[in-house]
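> Structure for this input, please:
(one chain, ligands or ions: 1)
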Amino acid sequence: MNQNRATHLISGAFVVSAVASVSLAVVYAVGGTAWLEGTLLGIALAGIGVGLILWAKEYLPIGEEVQQRDSLEPEPSEEEEAEDALEEGIHAIGRRSLLVKLGAMAAGALGVAALFPIRSLGGRPGTELITTPWYDGVRVVDEDGQPIAADRVEVGQVLTVFPEGAVGSGDAVALVIGLPDGVNQPLPGREDWSVGGLVSYSKLCTHVGCPVGLYEPTSQQLFCPCHQSVFDVPAGANPVGGPAARPLPQLPIDVDDAGYLIATGGFSGAPGAGFWWRPDDD
Ligand code: FES
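As a prediction, this is how the structure comes out:
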C-alpha cells in the first residue's frame, strides 16, 4: 500500500476513534442509551485497533532483511539514492510523529470516556448498608401490615415480618420462628432477645442476599434456595452448610402491653450479603 495512503488511513482510524470516545462521554453524561454507548465504545476500540494493525503492517519491519556489502566507494547513482532515502526518512519521521500524536489522542480520549461510567457507581452508601427501619419499640407486623399477637405464631411455624410503617422494606424483612420450648440456645448477651419459643432473624441470606424462606421444623433449620446454605436456628442461626459464612443477624423481640410483638432494637449485624467494609459484629 502507498505510504501516504496508509498514513491517511491510520490517521483516519485514530480520529474516528477519538470522535467516538468523545461522543460516548457526551452520550453517557446526558443519560444516553446502552445500545448507543455500546456502539460508540465499539467504534472507539475498533478505530484504535485498525490504526495499530495498519501501522504495524505498513511501517514496522517484518522478518529479516539482508543487505549485500558492496564496495565502500559509492557510485553517483547511489549517492542520489541515499539522498532520496534520507529525504524519505525525514518524511517518515514526520509521519511517525503525526501518527504517534493521533494514536495518543485516540487512546487518551478513550481513557477519559472510560472514566465517565465511574459515576454509575453512585454516591457513597454512608450507613445505609448497616441500618434498617427496626428500632426499639417498633411493632412487628406481617406482610399486610397487621400487628402480630405473640400467640399467633405456633411451634414449627415461620412468619415473614416487617417493622410497622416499613412493610416491603428490602433490608428489614425478617422471620419470626416458633421453636419448641427449651430448644433455643441464646448466644451470650442475647438471653432476653426471644419471647417464649419465638425468635426472629433477618430473612436475607448472608451469602448473596437471597430470601431464606424454607424452614424445616423437625431440624429447626432454615434453607436458602439459591445455593443451599443451611442455618441452625436454635444455635443463633449459625450456618451449618452451604457457602454462607456468617449467621443470620438476629432481631431482639419482646411483647408490648397489648400482647403484640415488638422489636427491642435493630438487627445484631448488617443484613444480607457481605460488603467491603462490613463491620465484623455478627
Ligand atoms: S444466597 Fe443463600 S446460599 Fe447463596
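
> need the residues of this structure near the ligand, please.
205, 207-208, 210, 224, 226-227, 229, 242-244 (C-beta under 6 Å from any ligand atom). (Each C-beta comes from the backbone N, C-alpha and C, glycine too.)

> Closest one of these to G38?
Using C-beta to C-beta, V208 comes nearest to G38 of these, at 27.0 Å.

> How about that closest one, nearest residue that isn't a chain neighbour?
A273 (4.7 Å; C-beta to C-beta, 6 or more residues apart in numbering).

> Would you confirm that that neighbour contacts C224?
No. Taking contacts as C-beta atoms under 8 Å, A273 lies outside contact range of C224: 11.4 Å.

> any residues in contact with both of those two?
Residues touching both A273 and C224 (C-beta atoms under 8 Å, 6 or more residues apart in numbering) are 205, 207.

> Any idea how many residues pack against A18?
When neighbours are defined as other C-beta atoms under 10 Å, A18 has 24 of them.

> For the chain, which segments count as strands?
140-141, 158-163, 174-178, 198-202, 214-216, 221-223, 230-232, 238-241, 253-255, 261-263 (DSSP state E).

> So which of those is the most surrounded?
Counting by mean count of other C-beta atoms under 10 Å, strand 198-202 has the highest mean neighbour count of the strands of the chain, with a mean of 26.

> Kindly format the C-alpha coordinates of that strand as PDB.
C-alpha atoms of strand 198-202 as PDB (Å, rounded to 0.1, in the frame of the first residue of the first chain):
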ATOM      1  CA  LEU A 198     -40.300 -17.200  69.400                       C
ATOM      2  CA  VAL A 199     -37.100 -16.000  67.800                       C
ATOM      3  CA  SER A 200     -36.500 -13.600  64.900                       C
ATOM      4  CA  TYR A 201     -33.800 -13.400  62.300                       C
ATOM      5  CA  SER A 202     -33.100 -11.500  59.100                       C
END
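
> Give me the contacts around it.
Contacts of strand 198-202 (C-beta under 8 Å, 6+ apart): 140, 150, 153, 161, 173-179, 184, 193-194, 222, 231, 233, 237, 248-253, 261, 263, 267, 271-272.

> Could you do stretch 67-87 as well?
Contacts of stretch 67-87 (C-beta under 8 Å, 6+ apart): none.

> so what's V50 up against?
Taking C-beta under 8 Å, 6+ apart as the test, what V50 contacts is 9, 13.

> what about the helices in the chain?
In the chain, the helices defined using DSSP state H lie at 3-29, 34-59, 76-115.

> Format those helices as CSV; extra columns: mean pLDDT.
Shown next, in CSV, are these (pLDDT from 0 to 100):
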stretch, mean pLDDT
helix 3-29, 88
helix 34-59, 90
helix 76-115, 79
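
> could those helices go into JSON lines alongside distance to R69?
Shown next, in JSON lines, are the helices of the chain (distance: least, C-beta to C-beta, whole Å):
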{"stretch": "helix 3-29", "distance to R69": "27"}
{"stretch": "helix 34-59", "distance to R69": "26"}
{"stretch": "helix 76-115", "distance to R69": "13"}
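
> and these, which is most packed in?
helix 3-29 comes out most buried of the helices of the chain by mean count of other C-beta under 10 Å, with a mean of 19.

> if we can go back for a sec, can you say which of the residues of the chain next to the ligand are buried?
205, 207, 210, 224, 226, 229, 242, 244 (16 or more other C-beta atoms under 10 Å).

> Between which two of these is the distance greatest?
Going by C-beta to C-beta, the pair spanning those furthest: C210 and G242, at 10.9 Å.

> okay, and the common contacts of these two?
What both C210 and G242 touch, as defined by C-beta under 8 Å, 6+ apart, is the set 224, 227.
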